[in-house]
Every structure is written in C-alpha cells, then in structure tokens.
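> Fold the following.
(one chain, ligands or ions: 1)
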Amino acid sequence: MNSEYSKVRSIRRPVSLGKRSQRSTRTKKKKGGDEEKTQGATKKSLFSHRAKNETNPEETEAFANICRCLIEHRWYHGVMPRGEISTLLEDEGDFCVRKTTERGKPIVCISVKCQKEVRHFPLVFENGQWTLKNLIKTRRFYEVVELLNALVTEKIALSGAILVRAVPRPDYYIPHSDISLICKLGEGAFGEVWKGSLKRHEDGKAKKAEEKSAAPSSAAPSSAGSALSGNSEKGKSRLYVAVKKMKGNATKAMTEEFVMEAKLMRQLVHPNIVTVYGVAPSEEPLMIVLELAGNGCLKSYVAKYQCPPDQLLQFTADAARGMAYLSSKLVIHRDLAARNLLLGTFVEVKISDFGLSSSGKTEIKVKQMKVPIRWLAPETLEEGVFSTKTDVWAYAVTLWEIFTRCQTDPYPGLTNQQAKDLIRGDALPMNPPEGTPPIVAKIMEDCFNKNPDDRPSFAAILKRLRPDEDVSAYEPKDQSVTSPVKRANAPSAEQSARSKRPSRK
Ligand code: ATP
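Predicted coordinates for the structure are as follows:
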C-alpha cells in the first residue's frame, strides 16, 4: 500500500443517523461479487428519494456528524473549493475526499486526478454503508476509509481513474475540533475575537509526507514557536492564537472566498503584520485563526500607558514597515487605521484586519464600500479607487491618531460631510497634533498630497523614519502574494521594535 496512504486511520462510524438503524451485521462480500443484505437496515438512504432542495433537519444533522468524523482524516478536505482541489492534486492518481453540494443537497465526493484533469465521484451513503455508483451492486463499506483502502489496494478504476495517493488538506484549513476558545478579547464588524489555542499536529514522518504534497510555502505557525504552550498530547502541541468568529451564516460563495483569502494571507509573514494561520470553514461559525498580538490593540495601550514620544515614533516606523511589506506584495489594505494596529509581545506594531484587503493588483475600484470615510483619500471619495497610495493617505490619518494618543476619531467635532469637504479641499485636511515630531509632521503633509503619484511610498516613509534601515526588500517588485514569500529578507523589526513597556498612567 502507498506509504502516505497507509497513515489513513480507520474512523468509527458516524453517530446517530436519525431513525435509521445503526450497524447490524457487517456486510460480507459474496463469492459472486454480490453482497448479503444488511439486517435491520431500512431501505431509505440518506439524502436520496427527496425532491430537489428539500431539506430534512434530521438528515442535515446526520450529515454534519458524518463530516465531523471525516475531518479527523487529513485526506478529507471539507468544503475546500473545487478550483483549489485542482491545484492540490498534481500527479496522476492523486486524490482526496471533500464535501460539496449536488442539486442543493450536501454530498461527499472523491476527487481524483486522471489524465491531467480532476474528476469527481459522489459517494453514495445507503443503509448505513458507503459505496460509489459503479460499485453499488457489488461493494459496500461501513467506513469511508475502508472504501478508499479497497479502491487503492485493489486498483479499482472509477471511469478510468485509479486512486494512488491520498493528498492531505493544507495546514491553512483548520478543523473546528483543533480550536479551543479561552476568553473573549473583543468584537468587531466581522464578529467576536477570542483568545484560543490551536492544536498542532507534529507527527514526524507523516508531517513530512504531508508537507511534500500539501503544505503552503511559508511555515507561518512555526514563526510563533515561542508561543507554544508545550506538549499536551503525544505528538501534538498547542499554540495560543486569536480566533475571529464570523457572524451569521455563510453561503457557499462566501466560504470559498474565505478559504482562498486565508490561503493568500497565510503567505504574508512579517514581524509587523498579524499572521493569518488559517481558517475553519467546515462548520458554523466560520473562524479565522490569527497570530495572537500579546499586547492587544494600540488604541487601548496608548490610553492605558504614558507612552513617551520615542515610543510613538517607534509605532509609526513599525506601521510603515508593515505597510511597506504589504505594498511590496501588492496587497492594498483599504482599512488602515489605529483601530487595526495591534501590539505584539515586544510592543511592536502588528497590522491587522485584512478583511478588506485585495492582493495582486496595484489599484482597485469599488462601487459600494463600508469603510469609515474619515480615513479615505480624495480619489476614493470621488471615484471609489483604492491603491497603495490611498493606504498612504490613511497612514497619515493614522499618524494623527497616534500623536493624539487615540483620544478621538479624526476630524473631531465635524460631521462626515464637513470631513469630506476637508478631504476634497485644497488645503491640508488636518494639522499635525501638538507635540508631533517635525519629521512626522512633514511625512503627514507629504502623504496628504492630493495627487496620489506625489505621495511617498511606504518604503520611502520608512527610510525617512529609520535612515539606517535597509528598505530595499520593500521596493515594489513585479510579484503577487501567490509567489512564495521569504521571511528572512525583511529587516529585523523584532530587534528594532523591542521597546520597554512604559510606566502605567
Ligand atoms: P472591525 O473588524 O470592524 O474593523 P476591529 O478592527 O475593532 O473592527 P476586530 O479586528 O474584529 O475589530 O478586533 C476586535 C478586537 O479584538 C480588537 O480591538 C483587539 O482588541 C482584539 N483583537 C483582534 N485581533 C486580535 C489579535 N490577533 N490578537 C489580539 N487581540 C486581537
């Protein structure tokens, strides 16, 4: 048997399947290839014989239970989008199992690479047993893993496709069962944010085999190795994380977008941005698992502690560095503001909230936006355009927030309309707060240039704030976040950002 496949363990059959009887006698294959009837099993099959789009809560729950059991297996890819499956299955015979919908009904199917294309074979679950359409008369199995084992070891062809190697799901696809919630940290438009812990699977050989075929290029979680809380189970360890629980129910399209976004964001690894570890899209609520910023949000921090001007300057340099990194990866943040600056263990700024980010493009246009207008550049107000240079404008507004110690939102005392008039007007939209260092005041002024082309780049801003720092790694290159990201070439923000915690107010 294929060595990678051999790690596929057996699972117990799913729990309660409603009114249907549980296993009675195990099906035996008859000599003639036919099978004995299962005693006590009803004729009704799960999700069969129902009108299109007719759902039954009992069946839905039973199906959810099945999927909860399957997610224990690395070859089960849950609701992984079809397009993504095609990129994961590289070689002839590569296969995985995933959940999808057929005529509005949830189903489980095997996806297998065959003659350069990926084919999908729905599994049939009938009378408590699993089979496939072309095996329905001959073979049935109590567990999906048994069915897969038979297909692999007996080389049973499915319309010409032969299963060879089970491809494990990528690390950015996290099962809900691997996440434990510890305490609530806050709440945003997206939903609640919790401190949690993430189970990490480190089973030596198997892990290596998985990485060979499925692990994304950057090893994001290992970057936070110091946050490991030690081994709690054999071969497994836990990592403290922040977990965003999404409000409301997600559609299939939203879930797919969510998975793809996490995949892209996971490739972004830098000390001044919050790393996205992955998503848990298989059950409600959808969750996004992030690096935990140990010192919480900057807004609360500056309200709580008497931060000296040097430290505020440090925050501005960290934020410029994080943004320089994002812009070098062609990521437009679109919601840069003090509320989206978090602080890590060394009180270094970590830019968060990529919910509105877009990657791979230098400019995007949106018709409707849910962005607070006080951070918007004139061209965004006029034409709905977002670019790195609109992020630069928002950075200047964020500088204003930092040097007012985040006491109010920008344009205090003004209505949104009055703020818009100032943003569109010829004069500087806001003055640097009292006590702003001259270098920061000048940067603000340059970032508020009405012509986006005349605004400085984030790399140039960082160079002005930190003349000794090598910023060449952040010069924009012709690449997107889909290309592998090297962590090593960024200047060490951890070193420069380590500052002592100031005294409490
Ligand atoms: P919105 O999502 O509407 O822009 P927001 O940025 O305030 O609002 P969230 O990003 O959802 O909302 O975060 C809410 C709060 O949760 C933050 O203010 C912060 O205190 C906490 N938080 C969010 N992410 C993390 C994280 N990675 N580490 C530590 N705390 C976090």
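> got the CA positions of stretch 116-133 in PDB?
This file holds the C-alpha atoms of stretch 116-133, laid out as PDB (Å, rounded to 0.1, in the frame of the first residue of the first chain):
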ATOM      1  CA  LYS A 116      -4.500  15.800 -16.500                       C
ATOM      2  CA  GLU A 117      -8.000  16.700 -15.200                       C
ATOM      3  CA  VAL A 118      -9.700  16.300 -11.900                       C
ATOM      4  CA  ARG A 119     -12.700  14.100 -11.800                       C
ATOM      5  CA  HIS A 120     -15.300  14.000  -9.000                       C
ATOM      6  CA  PHE A 121     -17.100  10.900  -7.900                       C
ATOM      7  CA  PRO A 122     -20.000  11.300  -5.500                       C
ATOM      8  CA  LEU A 123     -20.100   8.800  -2.600                       C
ATOM      9  CA  VAL A 124     -23.400   7.100  -2.000                       C
ATOM     10  CA  PHE A 125     -24.400   6.500   1.600                       C
ATOM     11  CA  GLU A 126     -27.200   4.000   1.700                       C
ATOM     12  CA  ASN A 127     -28.400   1.800   4.600                       C
ATOM     13  CA  GLY A 128     -25.600   2.900   6.800                       C
ATOM     14  CA  GLN A 129     -22.900   2.000   4.200                       C
ATOM     15  CA  TRP A 130     -20.700   3.800   1.700                       C
ATOM     16  CA  THR A 131     -20.300   3.000  -1.900                       C
ATOM     17  CA  LEU A 132     -20.000   4.500  -5.300                       C
ATOM     18  CA  LYS A 133     -22.400   4.500  -8.200                       C
END
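> just for the stretch 151-300 of the chain, where's the confidence low?
202-236 (pLDDT under 70).
> where along it do the helices fall?
204-213, 252-266, 298-304 (DSSP state H, counting those that start in this stretch).
> Tell me how many other residues surround residue 248.
10 (other C-beta atoms under 10 Å). Glycine gets a C-beta too; all of them are placed from N, C-alpha and C.
> how much space is there between it and the ligand?
Here residue 248 is placed at a distance of 14 Å from the ligand (C-beta to the nearest ligand atom, to the nearest Å).
> quick one: that residue and residue 178, what's the gap?
Distance from residue 248 to residue 178, counting by C-beta to C-beta, to the nearest Å: 23 Å.
> do residue 324 as well
33 Å.
> try residue 276
Distance of residue 276 to residue 178, computed by C-beta to C-beta: 15 Å.
> before we move on, what about residue 461?
39 Å.
> Comparing these two, which residue is more hemmed in?
The neighbour comparison of residue 461 against residue 178 (other C-beta under 10 Å) goes to residue 461, with 27 against 18.
> Not counting sequence-adjacent ones, nearest residue to the more buried one?
Using C-beta to C-beta, 6 or more residues apart in numbering and skipping the chain neighbours, the partner closest in space to residue 461 is residue 320 (4.6 Å).
> for the residue positioned nearest the centre of the chain, what are its contacts?
Closest residue to the average C-alpha location of the chain: residue 262 at 2.6 Å, with C-alpha atoms, centre = their mean. Counting by C-beta atoms under 8 Å, 6 or more residues apart in numbering, residue 262 touches 172, 276, 278-279, 288.
> any idea how far it is from residue 407?
35 Å.
> can you check residue 63 too?
52 Å.
> And for whatever residue of the chain ends up closest to the ligand, the neighbour number?
As assessed by C-beta to the nearest ligand atom, the ligand sits closest to residue 188 within the chain, at 2.1 Å. Number of residues near residue 188 (other C-beta under 10 Å) recorded here: 14.
> what's the answer for residue 83, then?
Neighbours of residue 83 using other C-beta under 10 Å come to 10.
> in the helix or strand hosting it, what counts as buried?
If you go by DSSP states H and E, residue 83 is part of helix 82-88. Neighbour-count burial for helix 82-88 flags 84-85, 88 (criterion: 16 or more other C-beta atoms under 10 Å).
> Let me have those in a markdown table, extended by pLDDT.
As requested, the buried residues of helix 82-88 are arranged in a markdown table below (pLDDT from 0 to 100):
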| residue | pLDDT |
| --- | --- |
| 84 | 85 |
| 85 | 90 |
| 88 | 92 |
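> These into a markdown table, with extra columns for distance to residue 387?
Putting these into a markdown table (distance: C-beta to C-beta, whole Å) gives the following:
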| residue | distance to residue 387 |
| --- | --- |
| 84 | 28 |
| 85 | 33 |
| 88 | 33 |
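> backbone phi and psi for the closest residue to residue 152 other than its chain neighbours, please?
Distances taken as C-beta to C-beta, 6+ apart place residue 163 nearest to residue 152, at 5.0 Å, with adjacent residues excluded. Per-residue torsions, residue 163: phi -80, psi 130 (degrees, to the nearest 10).
> For residue 163, the count of nearby residues, please.
Neighbour tally, residue 163, other C-beta under 10 Å: 27.
> got the contact list for it?
Neighbouring residues of residue 163 by C-beta under 8 Å, 6+ apart: 93, 95, 110, 112, 148, 151-152, 156.
> Let me know the closest of the residues you listed to residue 436.
residue 95 (59.8 Å; C-beta to C-beta).
> who's the closest one bridged to?
residue 112, residue 166 (DSSP bridges).
> Give me the domain ranges for this protein.
Split into domains by automatic domain parsing, the chain comes to 3-11+56-166, 176-291, 298-496.
> residues from the stretch 301-450 of the chain in reach of the ligand?
Counting by C-beta under 6 Å from any ligand atom, the residues of the stretch 301-450 of the chain close to the ligand are 339-340, 342, 352-353.
> close enough to count as contact, residue 474 and residue 328?
Yes: contact criterion C-beta atoms under 8 Å: residue 474 and residue 328 qualify, at 4.6 Å.
> Between these two, tell me which one has more neighbours.
Set side by side, residue 474 and residue 328 show more neighbours around residue 474, with 27 against 22, by other C-beta under 10 Å.
> ok, back up a step: list the contacts for the residue nearest to residue 461?
395, 458, 461-462, 465.
> What of residue 471?
By C-beta under 8 Å, 6+ apart, the residues touching residue 471 are 324, 459-460, 462-463, 491.
> Select from those residues the one having the most neighbours.
Sorting these by how many neighbours each has (other C-beta under 10 Å) puts residue 324 first, at 27 neighbours.
> quick one: pLDDT of residue 102?
With respect to pLDDT, residue 102 scores 82.
> now the one 4 residues further on
For residue 106, the model assigns a pLDDT of 84.
> Is it in contact with residue 98, as I believe?
No: if you go by C-beta under 8 Å, residue 106 and residue 98 don't touch, sitting 11.1 Å apart.
> Which one's more surrounded, the two?
residue 98 (23 against 18).
> The more buried one: what's its closest spatial neighbour, skipping adjacent residues?
In space, residue 98 is closest to residue 77, 4.3 Å off (C-beta to C-beta, 6+ apart).
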